[in-house]
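**Student:** Sequence first, then the predicted structure:
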Amino acid sequence: MTIILYDIPSPRPGIAWNPNTWKTRYTLNIKGIPYKTEWVEYCDIEPLSKKLGISPTSTKADGSPLYTLPAIYDPSTKTYVAESLVIAEYLEKTYPDSPPLFPHNSLGLQTAFTSAFTANLNPLFEFILPEVTLNLNPPSAEYFRRTREIEFGKTMEEVLPKGEKGVAQWAEYKAGLGKVDAWYVKNGGKGPFLLGETPSWADVVVGGWTIWLRIVWGEDSRQWKDIKSWHGGRWNAILDSLKKYETIV
């Protein structure tokens with residue numbers, strides 16, 4: 001039976017762009033589990049989740065439930081699951097004969113990697129969030145802009161770091177990725193992935209966040225060319241190695 005993956009659409013047909021839903025898309029493709037995508041605008045995520053009984057993944061600043069994507073529906077077990085790591089854990093347990101993303105009982109270590117990696121992304125968000133609205137359909141763009149401007153207390157245009165602040169913040173982001181690059185170096189040069197030749201959850205996380213940058217900014221953008229050149233081409237090499245798992249269905 002075919003799993004349903006709920007994802008957020010783009011004005012460009014057939015383009016997946018969201019970093020978190022990319023983690024689940026990579027997961028399904030690596031595991032070879034049949035699925036199809038249902039596209040849900042940002043403003044429809046909460047009402048659809050409530051309608052289908054998909055659990056919230058966090059809470060908003062006011063304490064109310066926060067509903068996010070990715071989410072999946074597995075008709076073989078009649079189960080809805082939300083949040084990329086929880087989904088990966090579910091698929092690992094439910095489809096044990098598929099390629100593992102947490103080999104050798106490494107779930108705890110790879111969960112720790114996820115937290116350590118994402119902590120280095122903080123300087124990035126003010127650069128790219130204003131660009132995200134350009135990759136959304138009007139209903140989602142309005143919702144994204146309104147909610148993020150409330151969160152930041154300024155307009156999207158004001159969020160973008162400029163001048164010396166921008167230069168320093170971009171350097172901080174590069175330095176953070178340098179820490180992650182040092183972790184990858186410790187695989188002994190045995191492959192592009194953290195564990196060597198075989199992708200695991202760590203690479204899904206890195207790939208999801210990295211392909212987001214390439215798609216939102218574009219391959220010819222100054223920002224992507226900059227990132228692509230860092231750390232011996234590490235980040236582009238990971239995407240190249242994950243390319244066969246980029247299928248969108």
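**Tutor:** That came through, no problem.

**Student:** Show me the protein divided up by domain.
**Tutor:** 3-94, 106-245 (the TED database).

**Student:** Tabulate those domains (TSV), appending mean neighbour count, mean pLDDT and distance to residue 100.
**Tutor:** (Glycine included, C-beta is placed from N, CA and C.) Listed next are the domains of the chain as TSV, based on neighbours: other CB atoms under 10 Å; pLDDT from 0 to 100; distance: least, CB to CB, whole Å:
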stretch	mean neighbour count	mean pLDDT	distance to residue 100
domain 3-94	17	97	6
domain 106-245	16	96	8
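
**Student:** mind checking the backbone torsions on residue 196?
**Tutor:** phi 110, psi -110 (degrees, to the nearest 10).

**Student:** before we move on, what about residue 7?
**Tutor:** With angles defined as degrees, to the nearest 10, residue 7 sits at phi -140, psi 170.

**Student:** where does it sit relative to residue 147, distance-wise?
**Tutor:** 18 Å (CB to CB, to the nearest Å).

**Student:** Can you name every helix or strand that the lengthiest helix in the chain contacts?
**Tutor:** Longest helix in the chain by number of residues (criterion: DSSP state H): helix 163-185. If you count contacts as 3 or more CB pairs under 8 Å, 6 or more residues apart in numbering; DSSP states H and E, helix 163-185 packs onto helix 107-119, helix 125-132, helix 234-242.

**Student:** Tabulate those helices (CSV), appending distance to residue 84.
**Tutor:** Shown next, in CSV, are these (distance: least, CB to CB, whole Å):
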stretch, distance to residue 84
helix 107-119, 9
helix 125-132, 18
helix 234-242, 15
